[in-house]
Each structure stands twice: as C-alpha cells, then as structure tokens.
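K.L.:
Build me a structure from this.
(one chain, ligands or ions: 1)
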Amino acid sequence: SRSRRTRGEAVKVEKHLEPFRLSLEKLQDVSARLRKDMLRGLGKHAHHRAAVKMLPTFVRATPDGTEKGDFLALDLGGTNFRVLHVRVLEEEQRVLKMDSQICAIPQEIMLGTGEKLFDHIAACLAEFLDSQKLRGQTLPLGFTFSFPCEQKEIDKSILIRWTKGFNCSGVEGEDVVRLLKEAIHRRGDYDIGSVAMVNDTVGTMMSCGYRDQSCEIGMIIGTGTNACYMEEMKNVKRVEGEDGRMCINTEWGGFGDDGSLKDILTEFDEEVDKTSINPGVHTFEKMISGMYLGEIVRLVLLKLTEEKLLFKGCPSEALLTPGSFETKFISEIEDGLENAKKILTKLALDWDLVDACVARLVCDTVSSRSARLCAAALATIANRIRTNRGLDHLKTTVGVDGTVYRKHPNFSDELQAAVRLLAPKCDVSFLISEDGSGKGAAMVTAVAQRLALHCMLNFL
Ligand code: BGC
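P.N.:
Numbers count the residues shown, from 1 in each chain. Okay, the predicted model is just below:
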C-alpha cells in the first residue's frame, strides 16, 4: 500500500528527531549550567553580562491573608491585553475579579511607537473605568508587564528589552510607570493611585500564595516562559539589606544567550531564532514557549517533506509559510489521530495514515523537549531554595499559568515526572493560578500597601 514505509525511512525520520531527545544526564547538566548562571545573575558586578538576569522585584513578602481593598490591574504581554477591577476580601481570604475587559492590541501598535502603545493602554483603561462607573475614584493599580524590567522600586521599572511579539520604539531603557502616567496625563480626564509593577510570574506566585502560603515559585509557560522565586536577601547583592527575602524574576528565557546551550540547539532552533524579530536573544524561551513551538514543528515537518519522508515529498503552500503551524495544533494533534488528520487536511497536505502518525510523533518530540527543559530549570530553582535554607528535604508549591501548560494534554505530567527525577529531595506541588496576572497584580499592590502601612506604624 502507498502508506507503507521502509525501515530505512523510519531511521531517517528518527535521525532528525534524535537531537530533540534530551537524556536525564543531559538535563542534569543543563540544570547545573543554569545553577551557575543564576549565581552570576545575582552577583553585584557580574549581572551586567549575565544571560539569566535574576531581577529583583521589590516584592518582599508573599500574602499573609490580611490584605484587602479594591484595585485596578492591567495585564500586558500574554495572549491578550486586559484591564481588570479586583477586590481582595480579607475575611474570606479571597480575591474577587469584579469585572474585566480584553482590549485587542493591533499588530501595528505592537510594532509602532511607545507613545502610541501607552496612549492605547490609557484609552482602554478610560473606557473600562466608564463602563464600571469607577472614573473619579483613584484606585491603586497593579500593572502586570510581562517583559524583563530592571526594577528600581515597586513603582519604577525600566524595560530592558521587548520579547515575544512586541517591538515598540522608545520604550527600552525607559521607566514604564512614567510612560503610563504620561499617557494618562496627556488625556487629563482621569487619574490613578499608586502603581505597582509586576511580572506575570510574580503575579502568578502571589495569586496562589493567598490560598497556599508555601507557594514561593511562580512559573509561566505560555506565549513566553519564565519563573520567579523567593530568594534570601543576603544573596541579592544588588539590593541593600541582609534580612528577609525578596522575589527574584529569573528571566530564564535568556538562558543560553551567551552560547551556553549550543550543544543542545538543533538546526531548527537556529532557524527559528534567525527569523524571529529578536534574533540572538531569549534562546531558552525559543525552545520552550508557545510563540515558537509551532514554528519548530513546521520546520521539522518541512525538512522531512523535502527528504521525501512525508506527504509524498510535496509541501503545501501553507506548510511553506512561516507561522502557519499554530502551537495549538500541537496539543490538538497529540490529543488524537483524528485531529491530526483534520489539521493536515486544513494545511492542504496530501497525507496518508503513516504521515499522520509521523506528524504526531514530531509534535510529541518537540513538546516533550519543552516540558523536560522547563523541568530542568524548575528543579534548579527548587534545589536552590532547599540549599538556601539548609534543608535535607523541601516541600514547596509552584503557582503556574500559561497556555502551553494549561492546554497541552500531557505537558504538565511530563514536566512533573521530570522534576521528580531532577529534584529528588524536593516535593514540588503545582497549583494552576486562576488569573494570576490580574488578581496577582492586585495582590502585589495590596501586599506593598500592607508593608508600607507596617513601616509607617513602626515609625509612629
Ligand atoms: C518575558 C518574561 C515573561 C515571560 C512569560 C518572557 O518573554 O521576558 O518577563 O515573564 O515571557 O510571559
């Protein structure tokens, strides 16, 4: 039959997939490299050149359950831009989302000037305040801004670089809070209260922390990937003070930007990097996150087609088009062969049953690598927290969010299984964050207010 393949062909397919399969030893090795890079990032002087930036967040405490009040939250940098009204209820230890609104950010704004971007944000916020009848109240605002920022204070945050699909001019090197406030002042028809800047990983950790106070790690595996965790202040050399802890935004997406992951990069990863809008940076992210996984799969399928191992050697127009293989197809295809057939048909490919199985194998190989690399990085963090505290055994919780983690049929299982092997002395539980970047941002703002209040009371 036309769907039969020779053993030789199977071997050739495997030859292209083999570089994606990382052994346990390799993952341990990757984890050891990240451990060193994290130390470099925390250092006072070494951090300038560090690939893993280890950014202080000025979040010094996780929630203690006494926070309360009404807050606004903005969420930029995930799948959608959102504006939210959030209420933190002390008595019930709950965070309520009163209402929220999604505002589209058109591509021309994502790649336009910073001024236009912030005007757009300020306009969305105005519209939301009107719809909620909140104009006139100056509520504190938590701004989940999911990009690497050098934070000087909770309300001063300088964008280091854009990532994912954004590239607005005049924002890198600038204080994002100032840009937001200027845009609001340009309008002059409403005002906001104090602002707290929050990375989405931090929001995710904080929103879970209200429910589970052992939640000291936040992780995102969505459009981009990253994690934060509570580090001992004495190890955070760039911020004064020795006591207590501070949340560190690792920006692990930049791992490998100094060439340290060269041995595990495939030709497909190199191609994805070259054609991205930010070549040369966020190496680790490009092997893991939703913005890139579909494109990696497309390039592998294309290569196999060119070698006449798939689709009778005929690529379709769609398969030849960058970005046409969406990351969500990976989840769908792995979910069942029937889905695989539908998607291959949609991509106008002339497939047979073996093609569908091979396509599924490719998806599985690429998503497994992503899950295992995340596991290696997460295990590094868990092990670090454990040794920081001089413990033989650590029990901890990770607050997690992101489309890849949530939507893929077995990503979370693979990730957890690999973490167990890579951090055998840690008992890591996972808590999916319900709207971390919205509610979490409000939590950060609330905790900052609580700490400021304590600080004031100490003076009185
Ligand atoms: C950004 C991080 C963010 C992550 C997940 C990355 O591209 O650099 O700041 O946390 O995406 O959204």
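K.L.:
wait, doesn't Asp70 sit right on Leu89?
P.N.:
No: between Asp70 and Leu89 there is no contact under C-beta atoms under 8 Å: 10.4 Å. Just so you know, the C-beta spots here come from the backbone N, C-alpha and C atoms, and that holds for glycine as well.
K.L.:
out of those two, which sits in the more crowded spot?
P.N.:
Using other C-beta atoms under 10 Å as the criterion, Asp70 and Leu89 rank with Asp70 on top: 16 against 12.
K.L.:
Next, the more buried one: phi, psi?
P.N.:
Asp70 adopts backbone torsions of phi -110, psi 140, taken as degrees, to the nearest 10.
K.L.:
how far away is Thr275 from the ligand?
P.N.:
Computed with C-beta to the nearest ligand atom, to the nearest Å, the distance linking Thr275 and the ligand is 17 Å.
K.L.:
Count the neighbours of that residue for me.
P.N.:
Neighbours around Thr275, by other C-beta under 10 Å: 12.
K.L.:
Tell me the pLDDT of it.
P.N.:
pLDDT for Thr275: 96.
K.L.:
same thing with Tyr210?
P.N.:
For Tyr210, the pLDDT comes out at 72.
K.L.:
distance between the helix or strand where Asp273 lies and the chain's centre?
P.N.:
Asp273 belongs to helix 267-275 when assigned by DSSP states H and E. Put simply, helix 267-275 sits 20 Å off its chain's centre (C-alpha atoms, centre = their mean, to the nearest Å).
K.L.:
Restrict the next helix or strand after that helix to CA atoms and write it as CSV.
P.N.:
Next helix or strand after helix 267-275 toward the C-terminus (DSSP H and E): helix 283-288. Once non-C-alpha atoms are left out, helix 283-288 reads as follows in CSV (Å, rounded to 0.1, in the frame of the first residue of the first chain):
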residue,chain,number,x,y,z
THR,A,283,17.4,31.2,23.4
PHE,A,284,15.9,29.1,26.1
GLU,A,285,12.4,30.7,25.6
LYS,A,286,12.6,29.8,21.9
MET,A,287,13.0,26.1,22.7
ILE,A,288,10.1,26.1,25.0
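K.L.:
Report the rounded mean pLDDT for helix 283-288.
P.N.:
Mean pLDDT, computed over helix 283-288, is 98.
K.L.:
list the helices and strands that helix packs on?
P.N.:
Secondary-structure packing of helix 283-288 (3 or more C-beta pairs under 8 Å, 6 or more residues apart in numbering; DSSP states H and E): strand 225-232, helix 267-275, helix 290-306, helix 353-388.
K.L.:
which one of the ones you listed lies closest to Gln28?
P.N.:
helix 353-388 (7.6 Å; C-beta to C-beta).
K.L.:
average model confidence for the closest one?
P.N.:
pLDDT averaged over helix 353-388 gives 98.
K.L.:
Ok, stretch 157-168 next?
P.N.:
Averaging pLDDT along stretch 157-168 yields 94.
K.L.:
and that stretch, which residues are buried?
P.N.:
Ser157, Ile158, Leu159, Ile160, Arg161, Trp162, Thr163, Lys164, Gly165, Phe166, Cys168 (16 or more other C-beta atoms under 10 Å).
K.L.:
who's in contact with it?
P.N.:
53, 77, 107, 109-114, 116-117, 145-152, 171-177, 197, 223-224, 253, 277-278, 281-282, 285, 291 (C-beta atoms under 8 Å, 6 or more residues apart in numbering).
K.L.:
for stretch 34-47, same thing?
P.N.:
Contacts of stretch 34-47 (C-beta under 8 Å, 6+ apart): 49-54, 231, 235-238, 248, 250, 252, 255, 260, 376-377, 380-381, 383-384.
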